[in-house]
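**Q** Okay, sequence plus prediction incoming.
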Amino acid sequence: MDCQLDIFFLEAVLNGLLLAGLLALLALGLNLIFGVIDVVWICYAELVMIGMYGIFYVHKAGAPLIVAALFGVLLVALAGAILHQLVIRPVLDSAPINQLLVTGGVLFVLQAAATMAFGIDFRNLGIRFGSFTFADMSFSYSRIITFGVALAAMLVLWLFLSRTYVGIAIRAIAQDRQIMPLMGVDQRRIYLITSAIGGGLAGLAAALMVLQYDIYPQIGLQFGPLIFMICVLGGLGSLIGGFIAAFIISEFIAVGGSCFATEWGYAIAFLFFMVVIFIRPQGLFGGRS
Amino acid sequence: MLELTDIDAGYGAFQALFKISMSVKAGEVIAVIGSNGAGKTTLLRVISGLLPASAGAMTMDGVSLRDTPPHKIIETGIAHVPEGRRLFPRLSVESNLKIGAFIPAARKKFEERLAFVYELFPRLKERHAQLAGTLSGGEQQMCAIARALMSGPKLVLLDEPSMGLAPVIVAQVFDLVRRIRREGYTVLIVEQNVRQVLKIADRAYLLEVGRIKASGAAAELSASDEIRKAYMGV
């Protein structure tokens, strides 16, 4: 163990910050869905995986990266809307455990389908953005781009939720479901729009992740549990809570990983999570339950 | 304006309303009085579509409300201020008002109507950026009424506007109702505070266990010995 307050420690802290942007984006999507529709998409990270494959193949077919990325966002937004219509809507009034199980089922279906269709090979776009070095610290450009785009997307979403009629309706529905018809709001339409936005955020995350990570059918398992942990730590359904929790968890992973070994970073993050949940079961910013 | 003919409604096997017939004409203030559990709130919920009627006919300016989906009823000109105000507590006052103007026809007139409700309730303008959940009870009632007015309704349904408020505030709330009446809105108000509400209403219906027991001019009802004994404690 070599954990000193030196330049490598600072490098780890800054890399943790960069990782947090991506995780915050994913947590935001999941929290939005939960806050509005009151269901947890267990298969959220698998939607990201679908998006990554979509972007990979469209790019390989000759589309420029930016076009492929846009395609990925739209593809997963559509997948989110379809998931809502076909899987969630029929179980909206069912017990929470049934809702968990159906989206859990979708997780296995998507993983199996991806394995059948694309094989178990690790694929990547083969694009290297390189990195830059500053005062002995090294940061990859792809991480910096990811952080910047994720932050910008969250800002756009925040403006949408606070300024537009549909955005305010999305926030309102999370606070009082029953009276929405009195405002002239069609709940089913808002649910569908929210699902498409949640999917779109997963698609954007996919577009950012193909810059850094290999694509394989089980990649969801690498990120899924982490995103759920962040959402629960921040307080399920709390957009601000998820944002802050993403930064906390990322720092544990990055700094813990730098002081010990990468695997220990995850273990320390989970340990911290368990302690917090023991003391505050509703999460750091959770109002419900 | 609003016509109900032989409306039945209930929750599951429990029937809450029996053959309710009533009418509201443009410019009137109509009170529905009765004790707790008489079906007053249920009646308003049926009119605004939150609870489907099981029999009977219901029209607003000739449009059948039973054939209109709940979220489209506001477009016929009916705005419902629900029991307990039901503001969105973690949205600002102004966002609450904006949600009130959600329907397409109202969005176009948002700025104009916002200026109008701020003029009607200057207190809301002072607090426009504050979270609705942090307003006082009386201010919340103002905000709930203002939110309803943002849709540009012809008829405002008010459910127990005085509920849970201190006596001084109750007087202010009835004053609010007088003010929106002066602005030309038609009002259907449900109240347990029978003495007060009969002072501001033109006509009233007395509801007892889901049936209309009496109806007539408010002055007549408030002079009736039976009603004075049962509902006004004299």
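**A** Cool, the structure landed.
**Q** So which residues of the chain form helices?
**A** Answering for chain A, as no chain was given. Using DSSP state H, the helices of chain A run over residues A:7-37, A:44-60, A:65-83, A:96-118, A:141-163, A:165-173, A:187-209, A:219-234, A:239-259, A:262-279.
**Q** nope, chain B please
**A** With DSSP H as the criterion, chain B has helices at B:40-47, B:93-100, B:104-107, B:110-120, B:122-126, B:137-149, B:167-182, B:194-200, B:218-223, B:225-231.
**Q** helices or strands next to the last one in the packing?
**A** Right, the one you point to is helix B:225-231. The contact analysis (3 or more C-beta pairs under 8 Å, 6 or more residues apart in numbering or on different chains; DSSP states H and E) places helix B:225-231 against helix B:194-200. C-betas here are computed from N, CA, C, even on glycine.
**Q** How about the second one?
**A** Helix B:93-100 sits against helix A:165-173, helix B:110-120, helix B:137-149, with contacts defined as 3+ C-beta pairs under 8 Å, 6+ apart.
**Q** Please state the offset of it from the chain centre?
**A** Distance of helix B:93-100 from the chain centroid (C-alpha atoms, centre = their mean, to the nearest Å) equals 18 Å.
**Q** Pull the residues that contact that helix.
**A** Contacts to helix B:93-100, defined as C-beta atoms under 8 Å, 6 or more residues apart in numbering or on different chains, come from residues A:162, A:165, A:168-169, A:171-172, A:183, A:185, B:79, B:87-88, B:91, B:106, B:110, B:114, B:117, B:124, B:127-132, B:135, B:143, B:146-151.
**Q** run the last query once more with 6 Å
**A** Contacts to helix B:93-100, defined as C-beta atoms under 6 Å, 6 or more residues apart in numbering or on different chains, come from residues A:168, A:172, A:183, B:87-88, B:124, B:127-128, B:130, B:132, B:143, B:146-147, B:150-151.
**Q** cool, and the fourth one?
**A** When contacts are taken as C-beta under 6 Å, 6+ apart, the neighbours of helix B:110-120 outside the stretch itself are B:Ala101, B:Lys125, B:Ala146, B:Leu149, B:Met150.
**Q** Check what pLDDT the closest residue to A:Ala246 other than its chain neighbours gets.
**A** Leaving aside its chain neighbours, A:Ala246 sits nearest to A:Ala24 (3.6 Å; criterion: C-beta to C-beta, 6 or more residues apart in numbering or on different chains). The per-residue pLDDT reported for A:Ala24 equals 96.
**Q** same deal with the one 5 residues further on?
**A** Per-residue pLDDT puts A:Gly29 at 95.
**Q** how close does the closest residue to it other than its chain neighbours get to chain B?
**A** Spatial nearest neighbour of A:Gly29, excluding adjacent residues (C-beta to C-beta, 6+ apart): A:Leu201 at 3.5 Å. Separation of A:Leu201 from chain B (C-beta to the nearest C-beta, to the nearest Å) stands at 22 Å.
**Q** you'd agree A:Leu201 is up against A:Ala27?
**A** No. Assessed by C-beta atoms under 6 Å, A:Leu201 is found out of contact with A:Ala27, at 9.6 Å.
**Q** Of all the residues in stretch B:109-120, which ones are buried?
**A** By 16 or more other C-beta atoms under 10 Å in any protein chain shown, the buried positions in stretch B:109-120 come out as B:Phe110, B:Arg113, B:Leu114, B:Phe116, B:Val117, B:Tyr118, B:Leu120.
**Q** avg pLDDT for that stretch?
**A** Mean pLDDT, stretch B:109-120: 94.
**Q** any idea how far that stretch is from the chain center?
**A** 20 Å.
**Q** what about chain B, any weak spots by pLDDT?
**A** Across chain B, the ranges flagged by pLDDT under 70 are B:233-234.
**Q** So which bits of it are right by chain A?
**A** B:48, B:70-71, B:74, B:80, B:82, B:86, B:88, B:90, B:95, B:98-99, B:102-103 (C-beta under 6 Å from any C-beta of the partner chain).
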